[in-house]
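In: Structure, please.
(chains A and B)
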Number of protein chains: 2
Amino acid sequence: MRATSTIATALNNGAKSIIPVDSVAECIKLGKQMEVITAGERDGQIADGLEYGNSPFTYPREFIKGKTLVLTTTNGTKLLHMALAENAKDIITGSFPNLSAVCNYITAQKQNVILACAAWKDRVNLEDTLFAGAVIDRVKESFSIKCDASKIAETLYREAKDDLYEFMKNKDASHYHRLTSFGLEKDIRYCFEIDADNVLPIYKEGRLIDRFI
Amino acid sequence: MRATSTIATALNNGAKSIIPVDSVAECIKLGKQMEVITAGERDGQIADGLEYGNSPFTYPREFIKGKTLVLTTTNGTKLLHMALAENAKDIITGSFPNLSAVCNYITAQKQNVILACAAWKDRVNLEDTLFAGAVIDRVKESFSIKCDASKIAETLYREAKDDLYEFMKNKDASHYHRLTSFGLEKDIRYCFEIDADNVLPIYKEGRLIDRFI
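Out: Prediction:
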């Protein structure tokens, strides 16, 4: 939720590219080799040796414009490697802040699509499922959908969509619980703001760049 | 869905026990060694070498009373072995036909509970998720529930509960599709009949027996 929203926000605010890496060590290493900003969290705190955290609010235009961000996201990077292993034709990242950009793109491509949720430590979570459901709700007329997981995600989203934040709160979602315990309500609200960022992060040669540029 | 409903029905109709096995070969082997009924399906047909299928309607009282049924269920048996490996204190099987028996039992035990869905070829499915949601909806006041998957299941069930069969049909659930293509609408309707069978199948020394007896 926060990593993909931060990617969308940083690109929308003019970041040149985002380099996703799977470990803090790799992040630190790249930080020494290149002119980049290093960022990542472990258990809600900026990881030791890195400069910044995972909050979209850390990356306003005046800070991030023209820069490259190296971001550690354990689950996200694992997923990226799975997609590369499967020879995915395109890999894009999605979040509520760039929902329309994602939906418009996958509908226009007329290709098979796998919605891959990063999850939390290999467990299903509400926020990723809600986002997958939002995409399905918007694009389903253009696709043939056979998998039950998609139908569960869509049902969940339709139940929640009037107020995603309240839904997370009422269900006492594990990530809601985790983030609010760090005082990050503002982040959660931002991560559910549909179309705050009209960007399409696409993975090319090790980096996420905005396809619209 | 059908395997656990068939287990409940067979026990409710007086079967002495059910022996779950993971392969057709094992089922045939036991059939030669013991006085049992062998049953199991592959792709909706009675598997070669076995006598009966997976439908609850195959096991009325006049047929099954006092007998032992050896049933192959690929996903269910895999799950059973996982539970045994985790040293589960008790292993019971649940389905809508014995929903109340399951809920009453787990509430009374005051132990940690894992609701394990057999799924379909390792993929999440609607019917197992609906059943897990039904259990959670009934027992949640007695448990502390931290996992998001439970919350997704419960939301799905609450959305579907007015007519589970119609929900499966409207969502064109993969298993609805599969079973109706074999003319098994009647099986699906039975498998959503709450409390048709007041039994609690519990696993003891390789067999499922009715705990109420």
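
In: confidence score at A:I213?
Out: On the pLDDT scale, A:I213 is placed at 67.

In: Then A:H175?
Out: For A:H175, pLDDT reads 78.

In: For the helix or strand hosting it, buried residues please.
Out: Taking DSSP states H and E as the criterion, A:H175 maps to helix A:174-181. Buried residues in helix A:174-181, counting neighbours by 16 or more other Cβ atoms under 10 Å in any protein chain shown, are found at A:S174, A:H175, A:Y176, A:L179, A:T180. Where you see a C-beta, it was placed from the backbone N, CA and C, and this is true even at glycine.

In: With distance to B:A116 added, can I get these in a markdown table?
Out: Below are the buried residues of helix A:174-181 laid out as a markdown table (distance: Cβ to Cβ, whole Å):
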| residue | distance to B:A116 |
| --- | --- |
| A:S174 | 19 |
| A:H175 | 23 |
| A:Y176 | 25 |
| A:L179 | 29 |
| A:T180 | 30 |
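
In: Among these, find me the one that's closest to chain B.
Out: Taking Cβ to the nearest Cβ as the measure, chain B lies nearest A:S174 of the buried residues of helix A:174-181, at 5.3 Å.

In: If you rank every helix and strand of chain A by mean pLDDT, what lands last?
Out: Least confident helix or strand, chain A: helix A:174-181 with a mean of 81, by mean pLDDT, DSSP states H and E.

In: hmm, that helix touching chain B?
Out: Yes: remark: helix A:174-181 sits within contact range of chain B at A:S174, A:H175, by Cβ under 8 Å from any Cβ of the partner chain.

In: and that helix, what other elements does it pack with?
Out: If contacts are counted by 3 or more Cβ pairs under 8 Å, 6 or more residues apart in numbering or on different chains; DSSP states H and E, helix A:174-181 sits against helix A:126-139, helix A:164-170, helix A:185-191.

In: So which bits of the helix or strand following the longest one are buried?
Out: Proceeding C-terminally, helix A:126-139 gives way to helix A:148-160 as the next helix or strand, assigned by DSSP H and E. Neighbour counts over helix A:148-160 (16+ other Cβ under 10 Å) mark A:D148, A:A149, A:S150, A:K151, A:I152, A:A153, A:E154, A:T155, A:L156, A:Y157, A:E159, A:A160 as buried.

In: my read: A:L71 touches A:A39, true?
Out: Yes: taking contacts as Cβ atoms under 8 Å, A:L71 lies within contact range of A:A39: 5.1 Å.

In: Give the residues shared as contacts by the two.
Out: Both A:L71 and A:A39 are in contact with A:T6, A:C27, A:N54, where contact means Cβ atoms under 8 Å, 6 or more residues apart in numbering or on different chains.

In: what about the nearest residue in space to A:A101 that is not next to it in sequence, neighbour count?
Out: Excluding its sequence neighbours, the residue lying closest to A:A101 (Cβ to Cβ, 6 or more residues apart in numbering or on different chains) is A:L200, at 4.5 Å. A count of neighbours around A:L200, defined by other Cβ atoms under 10 Å in any protein chain shown, yields 24.

In: Which residues are in contact with A:L200?
Out: A:I92, A:N98, A:A101, A:V102, A:Y105, A:D210, A:R211, A:F212.

In: So it versus B:F192, what's the distance?
Out: From A:L200 across to B:F192, the span is 42 Å (Cβ to Cβ, to the nearest Å).

In: which stretches of chain A have low pLDDT?
Out: Applying pLDDT under 70 to chain A flags residues A:213.

In: Alongside chain B, which residues does it contribute?
Out: A:120, A:123-126, A:129, A:146-149, A:151-152, A:155-156, A:159-160, A:171-175.

In: Now with 10 Å, please.
Out: By the rule Cβ under 10 Å from any Cβ of the partner chain, the part of chain A lying against chain B is A:119-120, A:123-130, A:133, A:145-156, A:158-160, A:167-168, A:170-177.

In: and the residue lying closest to A:S23 once chain neighbours are set aside, bridged to which residues?
Out: Distances taken as Cβ to Cβ, 6+ apart place A:T72 nearest to A:S23, at 6.3 Å, with adjacent residues excluded. Beta-bridge pairing for A:T72 (DSSP bridges): A:V21, A:G40.

In: For A:T72, the count of nearby residues, please.
Out: As a burial measure, A:T72 scores 25 neighbours (other Cβ under 10 Å).

In: quick one: contacts for it?
Out: A:3, A:19-28, A:38-42, A:47, A:50, A:54 (Cβ atoms under 10 Å, 6 or more residues apart in numbering or on different chains).

In: swap the cut-off to 6 Å and go again
Out: Neighbour list for A:T72: A:V21, A:V24, A:C27, A:G40 [criterion: Cβ atoms under 6 Å, 6 or more residues apart in numbering or on different chains].

In: so which of these comes closest to chain B?
Out: A:G40 (22.9 Å).

In: isn't that closest one right up against A:L50?
Out: Yes: using Cβ atoms under 6 Å, A:G40 makes contact with A:L50 at a distance of 5.1 Å.

In: More neighbours: which of those two?
Out: A:G40 (26 against 20).

In: what residues are up against the more buried one?
Out: Contact analysis of A:G40 by Cβ under 6 Å, 6+ apart lists A:V24, A:C27, A:A47, A:L50, A:T72.

In: Switch the residues you listed over to JSON lines; also include secondary structure.
Out: Formatted as JSON lines, the contacts of A:G40 follow (DSSP: H, G, I helix; E, B strand; the rest coil):
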{"residue": "A:V24", "secondary structure": "helix"}
{"residue": "A:C27", "secondary structure": "helix"}
{"residue": "A:A47", "secondary structure": "coil"}
{"residue": "A:L50", "secondary structure": "coil"}
{"residue": "A:T72", "secondary structure": "strand"}
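
In: Turn those residues into TSV, columns for distance to B:V113.
Out: TSV is the format used below for the contacts of A:G40 (distance: Cβ to Cβ, whole Å):
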residue	distance to B:V113
A:V24	37
A:C27	40
A:A47	36
A:L50	40
A:T72	36
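
In: and which of those is nearest to A:L84?
Out: A:T72 (17.4 Å; Cβ to Cβ).

In: From chain B, how far off is the closest one?
Out: 23 Å (Cβ to the nearest Cβ, to the nearest Å).

In: One more: A:Q33?
Out: 38 Å.

In: got it, and A:N13?
Out: Taking Cβ to the nearest Cβ, one finds A:N13 at 30 Å from chain B.

In: same deal with A:A47?
Out: From A:A47 over to chain B (counting by Cβ to the nearest Cβ), the distance is 24 Å.
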